[in-house]
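> only geometry, no sequence info:
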Ligand SMILES: *Cc1c(COP(=O)(O)O)cnc(C)c1O
């Protein structure tokens, strides 16, 4: 297939590719996965996912490495987290090896959509699992679909990394407190749209959420984890039951330790924002977004208008591993 993609113009948006891969859960067990070129699903109007929200997802990436291999970054971690989300929403677990093999199969089938090395792009991998049984009573669905789709995405930073402004929503009557409860669920995202709108209206591109109980501790940004670098060069990230366990954060923490940077995972009081040297938001889509400013009521915390040296070092190290230009000492890359 000649896909004629202009790799330099790719953004982060939907585009059809050759195939997606699907598992169906019927009579208490998962089917073998099937590749299909269709983007359609047939769903009963009374399907559980529409009414009661049994719907979870994952996000990962495949990259073309400098030696031409196509490698998937930590799909085993996506499998584990998918199963963890599934458990909390009373959905069935998938065999982790079968999941990883299906990810490899769909990436291989769409290999011509993996952006070449040097473009900064990636093949974004988006698994989604949802309950399909028709029902009116609130019960777990009997049947499920697990579909793994892929889409090429461009380099997030065209023309250099630029820090963003963040806002902590304080109008809590209107801004639903965030709290994913460790579940990567569609519903959490729907609930974050309104506070994100409020942040955008204030000229801030991301919302930063505090703990829902006391509003004293930092949880995370709307779609990414919080990393602070203290003036002593310590990597600090919140330990909280409301934070979604980010694979990027887990990887960056490891990379930091490998570089001799001290890592602390602990409750982070919002008052500590005044003492941070660098702040970043981390997730699969962007790796690290430096945060230049955080608006909190009538206070503004400022961290500069370029990415700080420690976050830059961590970014380079992780991106280097993903593109095969730095040694993959922890075996994070799975060749497609
Ligand atoms: C997916 C997600 C993240 C980032 O996780 P990664 O595995 O690093 O992509 C952070 N916060 C929330 C709420 C998420 O859903």
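That came through, no problem. Every value quoted in this text rests on a predicted model; they were computed, and no experiment measured them.
> look up the closest residue to the residue of the stretch 1-150 of the chain found nearest the ligand, ignoring the ones flanking it.
The minimum distance from the stretch 1-150 of the chain to the ligand, using C-beta to the nearest ligand atom, falls at residue 59 (5.0 Å). (Each C-beta comes from the backbone N, C-alpha and C, glycine too.) Nearest non-adjacent residue to residue 59, counting by C-beta to C-beta, 6 or more residues apart in numbering: residue 284, 4.7 Å away.
> so the residue of the stretch 1-150 of the chain closest to the ligand touches residue 128, yeah?
No - Residue 59 is beyond contact range of residue 128, at 10.1 Å (criterion: C-beta atoms under 8 Å).
> tally of neighbours for residue 311?
Neighbours of residue 311 under the rule other C-beta atoms under 10 Å: 27.
> and what of the one 4 residues further on?
By the other C-beta under 10 Å criterion, the neighbourhood of residue 315 contains 22 residues.
> and it, helix, strand or coil?
Counting by DSSP: H, G, I helix; E, B strand; the rest coil, the backbone at residue 315 sits in helix.
> so which bits of the stretch 151-300 of the chain are right by the ligand?
By the criterion of C-beta under 6 Å from any ligand atom, the positions of the stretch 151-300 of the chain lying close to the ligand are 180, 184, 220, 223-225, 244, 246-249, 283-284.
> scan those residues and report the most crowded one.
Neighbour counts for these, by other C-beta under 10 Å, peak at residue 220, which reaches 27 neighbours.
> quickly list what that one is bridged to.
Going by DSSP bridges, residue 220 is paired in beta bridges with residue 209, residue 225.
> residue contacts, the residue nearest to residue 59?
Residue 284 makes contact with 59, 60, 61, 124, 247, 248 under the criterion C-beta atoms under 8 Å, 6 or more residues apart in numbering.
> go through those residues and flag which are in helices.
The helices, defined by DSSP state H, take in 247, 248 from those.
> low-scoring pLDDT stretches of the stretch 151-300 of the chain, where are they?
Along the stretch 151-300 of the chain, the parts satisfying pLDDT under 70 run over 159, 172-181.
> and the strands in it?
In the stretch 151-300 of the chain, the segments counted as strands under DSSP state E, counting those that start in this stretch are 164-168, 206-210, 218-221, 225-230, 235-238, 263-266, 276-283, 287-296, 299-302.
> need the ones you listed in CSV (columns: distance to residue 332).
What follows is the strands of the stretch 151-300 of the chain, written out as CSV (distance: least, C-beta to C-beta, whole Å):
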stretch, distance to residue 332
strand 164-168, 27
strand 206-210, 26
strand 218-221, 22
strand 225-230, 17
strand 235-238, 18
strand 263-266, 17
strand 276-283, 15
strand 287-296, 13
strand 299-302, 33
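> among those strands, which comes closest to residue 68?
Evaluated over the strands of the stretch 151-300 of the chain, closeness to residue 68 peaks at strand 287-296, with 22.0 Å, by C-beta to C-beta.
> partner strands of the closest one, with direction?
Strand 287-296 has these strand partners (DSSP bridges): strand 164-168 (parallel), strand 276-283 (antiparallel), strand 299-302 (antiparallel).
> surely residue 138 is in contact with residue 52?
Yes - at 5.8 Å, residue 138 counts as touching residue 52 under the criterion of C-beta under 8 Å.
> so these two - more neighbours on which side?
Under the neighbour definition other C-beta under 10 Å, residue 138 and residue 52 were set side by side, and residue 52 has more, 18 against 8.
> check the strands paired with strand 287-296 for me and report the most buried one.
Comparing the strands paired with strand 287-296 by mean neighbour count (mean count of other C-beta atoms under 10 Å), strand 276-283 ranks first with a mean of 25.
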